[in-house]
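[1] sequence first, then the predicted structure, then my questions.
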Amino acid sequence: MKNKINNLLLRLGSFFPTLLLVFSVLLGSGGRSAAQIFPAQGDDTTFSIGIFRLMIAPAFRPLLAPGVGTNAYPGYRNSDGRLTSPMMYDNATTIGRSSRHDRLLVGSVPVGSPTMGNVGYADYPAIPFIFAAAPAPTEEILTQIRSFALQNVNASNGEHCSNADPRIPSIPLSWVMVKAGPGQGVTRKSLGMVQENVAGGAALGAANPDFPAFSFFDIFVEVNLPPVPTTFSSTVFPVTGAALYNDTPLIITNLNVATLPPSVVYIHGETPAVPLKFKVGNPPFWNVDDVFGYLVLAGHGTITNDCNNEAVLVNAVLGTTNNPQPEMAVEWPVPNNRCPTTNTTYESVKDEDVIKFPLGAVTVHTRNFVHGGLDNPIVPPVPLNTPSIYQDPNTFVTMELSLDGASWSTAVANGGVQTRITHTSGTGTTGTFDTEMLALSLNGNGPFGPFMIRESPTKQSLGKHTLRSTTQGLLASSFFDVFLELSTDGGQSWVPADRGIRVQVGNPPCGALGAHPVITASGTDVIVSWSDTSYRLQHQSLVTSNNWVDYTGGSPATFPVTNAPKFFRLICP
């Protein structure tokens with residue numbers, strides 16, 4: 001057992017310091033517990049609400065995008081491939097817990113009443129470092145989700161959610177969209193733990209109270225997306241929905257549990273985005289275990305006994321308008337281990353993420369950053385705690401500028417960038433690198449004339465880069481939180497942005513995932529859709545002629561049946 005615990009410490013020791021996705025722990029009975037010690041073995045049932053956001057893999061964005069005669073899937077944003085769920089609720093989320101015990105636990109203990117079986121440390125797919133490293137005799141209880149079934153809120157189900165936030169869509173169906181636990185037929189166990197956070201621990205029965213406490217869960221869910229009328233999904237999704245699952249745990253943590261269940265404000269940290277895979281194949285549209293998308297934001301709360309206070313959850317998970325929560329970085333398939341990833345761009349969240357530069361009586365609003373032209377990437381340093389420097393004097397940044405926050409114009413700025421890459425941990429097949437943007441110096445022209453943008457000389461613009469080797473190839477994630485300054489007088493004076501802005505790799509390199517075309521018929525037209533704009537559509541009438549013709553427009557491409565080409569292909573430059 002000790003060796004297994006040590007392995008978890010080695011595997012997760014450097015991972016958890018950046019793991020601060022705060023989540024409701026969903027414990028306790030209908031009322032808030034005032035007890036100072038953990039309750040005995042049993043089950044707790046509570047009302048809960050939740051939302052999530054996915055970054056859809058490029059190959060499957062045509063399934064959700066608007067097309068000829070169809071609307072976009074509710075909550076799908078075609079500009080950047082993000083899908084936001086409706087508000088969801090569960091009247092009876094049920095969590096089982098063990099009796100309290102001292103660390104280090106020897107063997108296993110029964111969880112829940114009736115018991116869902118015995119659980120020990122070796123049963124956890126991941127234990128965050130501060131939990132695994134807690135000293136004896138810290139008091140703790142082990143937990144497991146028994147039943148978790150979130151269905152979408154709509155006008156017919158009697159809940160009080162207003163859905164007033166424009167970022168939250170409405171689905172005209174009553175549909176269970178997220179499930180977890182054996183009570184919902186999900187076989188992968190969602191295990192958790194609650195530990196007192198008293199320094200040095202306290203022996204069982206000692207005077208020290210168990211609260212405040214730390215808690216986490218390794219969550220495994222099944223997500224089911226319904227076929228929605230008037231969208232493409234109504235014809236390609238099974239009538240039972242598109243079933244998804246995760247086989248990498250979503251680690252969710254609350255570091256300040258004062259009562260059970262807690263009433264907390266949620267924040268989000270730097271966990272890797274969790275891939276969601278198709279549970280059942282549906283050729284030719286998808287195969288079983290294809291990655292449909294990546295869970296980049298998630299939140300769930302027991303902050304109310306119905307959903308009349310959903311704005312608290314929405315703002316905690318998604319952030320406020322024009323100031324979104326940073327998303328979990330997506331691990332995209334990549335062709336090599338270079339940093340920055342070859343042929344990629346760093347992008348901010350479309351439209352939502354707006355930073356402001358106050359220039360006296362005028363405020364410059366800036367959004368939709370895309371940083372590209374990052375040529376000649378380098379191999380990250382191999383020795384631990386050893387930095388390497390990447391620099392490129394000729395990069396570009398496209399952005400949108402506005403003087404009133406309503407009318408936007410596109411601008412391009414050019415200049416150099418310099419970043420430092422430091423290898424901070426390497427465990428098994430995963431390498432983690434701390435990054436810092438040391439310098440950024442850009443010149444451009446906007447609606448108010450020439451301007452300059454630089455990285456702040458007084459604030460650190462920090463980020464992280466990961467590389468992970470899998471049986472399917474190499475995966476990489478990368479992001480920066482950048483603090484910028486603006487000058488409109490040739491660099492004589494500089495105005496800092498009101499806050500930093502996150503940029504991360506927006507899409508995998510061309511060809512990394514494949515951009516399978518979707519070909520459909522609509523009346524007298526043939527429609528070809530594809531998602532990754534780095535691909536180029538070509539067509540011809542005779543496959544033996546080798547006279548491929550470039551299609552000059554974007555997706556979707558429409559061809560009249562009377563003279564439609566017979567063969568299509570997507571080319572990756």
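    Right, received. Where do you want to start?
[2] for the stretch 1-150 of the chain, what spans make up the strands?
    42-56, 76-77, 82-84, 88-97, 101-102, 109-110, 118-119, 139-152 (DSSP state E, counting those that start in this stretch).
[3] ok now do residue 388, which residues does it touch?
    378, 380, 381, 420, 421, 422 (CB atoms under 8 Å, 6 or more residues apart in numbering). For the C-beta atoms, the positions are set from N, CA and C on the backbone; glycine is no exception.
[4] quick one: closest of the strands of the stretch 1-150 of the chain to residue 556.
    strand 76-77 (14.8 Å; CB to CB).
[5] pairing partners for that closest one, with directions?
    strand 82-84 (antiparallel) (DSSP bridges).
[6] beta partners of residue 444?
    Applying DSSP bridges, one finds that residue 444 bridges with residue 413, residue 451.
[7] check the gap between it and residue 455 for me.
    The gap separating residue 444 from residue 455 is 15 Å, by CB to CB, to the nearest Å.
[8] which one of the two has more residues nearby?
    Ranked by neighbour count (other CB atoms under 10 Å), residue 444 and residue 455 place residue 455 first, with 22 against 18.
[9] name the nearest residue to the more buried one, ignoring sequence neighbours.
    Nearest residue to residue 455 in three dimensions, chain neighbours excluded: residue 440, at 3.9 Å (CB to CB, 6 or more residues apart in numbering).
[10] for the one you found, list each beta-bridge partner.
    residue 417.
[11] what about it, neighbour count?
    Quick note: residue 440 (other CB under 10 Å) scores 23 neighbours.
[12] check which residues of stretch 100-116 are buried.
    100, 101, 102, 103, 104, 105, 108, 109, 110, 111, 112, 116 (16 or more other CB atoms under 10 Å).
[13] which residues does the fourth one contact?
    When you say that, I think you mean residue 103. 134, 135, 136, 137, 138, 139, 140, 195, 201.
[14] which of the helices or strands spans residue 401?
    Assigned by DSSP states H and E, residue 401 belongs to strand 387-402.
[15] who does that strand pair up with?
    strand 362-372 (antiparallel), strand 409-427 (antiparallel).
[16] so residue 57 touches residue 292, yeah?
    Yes: contact criterion CB atoms under 8 Å: residue 57 and residue 292 qualify, at 6.2 Å.
[17] between the two, which has more neighbouring residues?
    residue 57 (26 against 23).
[18] how near is that one to residue 336?
    With CB to CB as the criterion, residue 57 and residue 336 are 20 Å apart.
[19] on that earlier part again, could you dump the buried residues of stretch 100-116 to a markdown table with distance to residue 434 and pLDDT?
    Listed next are these as a markdown table, based on distance: CB to CB, whole Å; pLDDT from 0 to 100:
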| residue | distance to residue 434 | pLDDT |
| --- | --- | --- |
| 100 | 38 | 93 |
| 101 | 37 | 94 |
| 102 | 36 | 93 |
| 103 | 30 | 92 |
| 104 | 31 | 92 |
| 105 | 34 | 95 |
| 108 | 37 | 97 |
| 109 | 38 | 98 |
| 110 | 42 | 98 |
| 111 | 37 | 98 |
| 112 | 40 | 96 |
| 116 | 40 | 97 |
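[20] look up how far residue 75 lies from the residue nearest to the spatial centre of the chain.
    What sits nearest the mean C-alpha location of the chain, by CA atoms, centre = their mean, is residue 296, with 0.8 Å. Residue 296 sits 13 Å away from residue 75, going by CB to CB.
[21] got it, and residue 351?
    14 Å.
[22] neighbour count winner among these two?
    residue 75 (21 against 15).
[23] what's around the closest residue to that one other than its chain neighbours, how many residues?
    Once flanking residues are discounted, residue 75 sits nearest to residue 169: 3.6 Å by CB to CB, 6+ apart. When neighbours are defined as other CB under 10 Å, residue 169 has 19 of them.
[24] and residue 169, which helix or strand is it part of?
    Using DSSP H and E, no helix or strand contains residue 169.
[25] just residue 313 next, same as before
    Per DSSP H and E: helix 310-318 holds residue 313.
[26] and the next helix or strand past that helix?
    Counting by DSSP H and E, what follows helix 310-318 is strand 319-320.
[27] sheet partners, orientation included, of that following strand?
    strand 323-324 (antiparallel).
[28] OK, contacts around residue 393?
    So residue 393 contacts 415, 416 (CB under 8 Å, 6+ apart).
[29] can you check residue 459 too?
    483, 496, 500.
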